[in-house]
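Enquirer: the following comprises the amino acid sequence and a computationally predicted model.
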Amino acid sequence: MLGAIAGDIVGSVYEASPIKTKAFPLFRRGSRFTDDTVLTVAVADAILSGRPYADAVREFGRRYPDAGYGGSFRRWLHIDGAGPYGSWGNGSAMRVSPVGLAFGSEEEVLEQARLSAAITHDHPEGIRGAQATALAVFLARTGHGKPAIRDRLVRGFDYDLERSVDEIRPDYGFDVSCQGSVPEAIIAFLESDSVEDAIRNAVSLGGDSDTMACIAGGIAEAFHGGVPDRIREPVEALLPEDLAQVVRSFRRRFG
């Protein structure tokens, strides 16, 4: 899941200052992990331990209370036993990549993505965004080519994935909805030739940069079988030990 974490860290400095170019430094002063990373690690920990997603998400979220959560999620985080709040935001998609890496069939991936999303994001669009992202990761890691991935996601989720990054970029703005950011992040992957290129494509759209690059980077890592050292090493250096330990444990178990 380092591709997702890398996308979050690279995109973190551009969320508040969107750019419309692929020519930017991957890591710069201020690059940091955000809620995307914390909650991705939480989902991975839930899978490793077998405990409910809500329990792991609350534990890790409370460890890092200033990671950049939205207001509704922040309220949920600090109320024991709080239920979902009907969100269609892309928070369900940003944290789901471990599901696509860990489970062995489309059916399992879709069900676990639904469960991971529904603790907070139980709106149909919140569920759909998480399922589409997780399935893209699963298809990428199981050897499917990009045309097959695109076709499966279009058939399954009715997303418009025929646009290009260059077509989207000029008029695209900040959008935290699943329906307004997940298809664009998937396109950033589909049009890329590497993990780095997928992240650059996503950030260059000028939207919710850290989350879109997290989604695109997670899919790209699964497709390419890993993250190159020039990205992996600075990403690992920015992770505190408790998060890094989960990443290492997840990698040992699921590759």
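Expert: Here it is on my side, so go on.
Enquirer: what is the burial count for the residue nearest to residue 47 when sequence neighbours are not counted?
Expert: Nearest non-adjacent residue to residue 47, counting by C-beta to C-beta, 6 or more residues apart in numbering: residue 102, 4.9 Å away. (C-beta placed from N, C-alpha, C; glycine too.) By the criterion of other C-beta atoms under 10 Å, residue 102 has 23 neighbours.
Enquirer: numbering from 43 from now on, please.
Expert: Renumbered: residue one is now 43, and that last one reads residue 144.
Enquirer: quick one: residues contacting residue 144.
Expert: Shown in contact with residue 144 (C-beta atoms under 8 Å, 6 or more residues apart in numbering): 86, 89, 154, 292, 295, 296.
Enquirer: which SS class is the second one?
Expert: At residue 89, secondary structure determined by DSSP: H, G, I helix; E, B strand; the rest coil is helix.
Enquirer: one step back: could I get the contacts of residue 144 as TSV with distance to residue 46 and pLDDT?
Expert: Output for the contacts of residue 144, formatted as TSV (distance: C-beta to C-beta, whole Å; pLDDT from 0 to 100):
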residue	distance to residue 46	pLDDT
86	10	98
89	14	98
154	16	98
292	11	98
295	17	96
296	14	95
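Enquirer: buried subset of those residues?
Expert: Buried by 16 or more other C-beta atoms under 10 Å: 86, 89, 154, 292, out of the contacts of residue 144.
Enquirer: so what's the first one up against?
Expert: Just to be clear, that refers to residue 86. Counted by C-beta under 8 Å, 6+ apart, residue 86 has contacts 43, 140, 144, 288, 289, 292.
Enquirer: pLDDT value on residue 264, please?
Expert: Note on residue 264: pLDDT of 98.
Enquirer: count residues in the vicinity of it, would you?
Expert: Residues near residue 264, counting by other C-beta under 10 Å, number 24.
Enquirer: swap in residue 140?
Expert: When neighbours are counted by other C-beta under 10 Å, residue 140 registers 28.
Enquirer: ok, back up a step: what's the farthest-apart pair in the contacts of residue 144?
Expert: Across these, the longest distance by C-beta to C-beta is 15.2 Å; it joins 154 and 295.
Enquirer: distance between stretch 206-219 and the chain's centre?
Expert: How far stretch 206-219 lies from its chain's middle: 17 Å, per C-alpha atoms, centre = their mean, to the nearest Å.
Enquirer: buried set for it?
Expert: So for stretch 206-219, counting by 16+ other C-beta under 10 Å, buried means 207, 210, 211, 214, 217, 218, 219.
Enquirer: show me those that map onto helices.
Expert: In this view, the buried residues of stretch 206-219 that belong to helices under DSSP state H are 207, 210.
Enquirer: residue 261: which of the buried residues of stretch 206-219 is nearest?
Expert: residue 207 (14.4 Å).
Enquirer: contacting residues around the closest one?
Expert: 229, 230, 233, 243, 246, 247.
Enquirer: residue 270: which of these is nearest?
Expert: Among these, and counting by C-beta to C-beta, the member closest to residue 270 is residue 243, at 16.2 Å.
Enquirer: wait, the closest one sits on residue 230?
Expert: Yes. In this structure, residue 243 is within contact of residue 230 by C-beta atoms under 8 Å, at 3.7 Å.
Enquirer: now the common contact residues for those two.
Expert: Listed as contacting both residue 243 and residue 230 by C-beta under 8 Å, 6+ apart are 207, 258.
Enquirer: buried residues in stretch 263-277?
Expert: Applying a neighbour-count criterion of 16+ other C-beta under 10 Å, the buried positions in stretch 263-277 are 263, 264, 265, 266, 269, 273, 274, 277.
Enquirer: want to throw the residues you listed into TSV with secondary structure?
Expert: Converted to TSV, the buried residues of stretch 263-277 look like this (three-state DSSP):
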residue	secondary structure
263	helix
264	helix
265	helix
266	helix
269	coil
273	helix
274	helix
277	helix
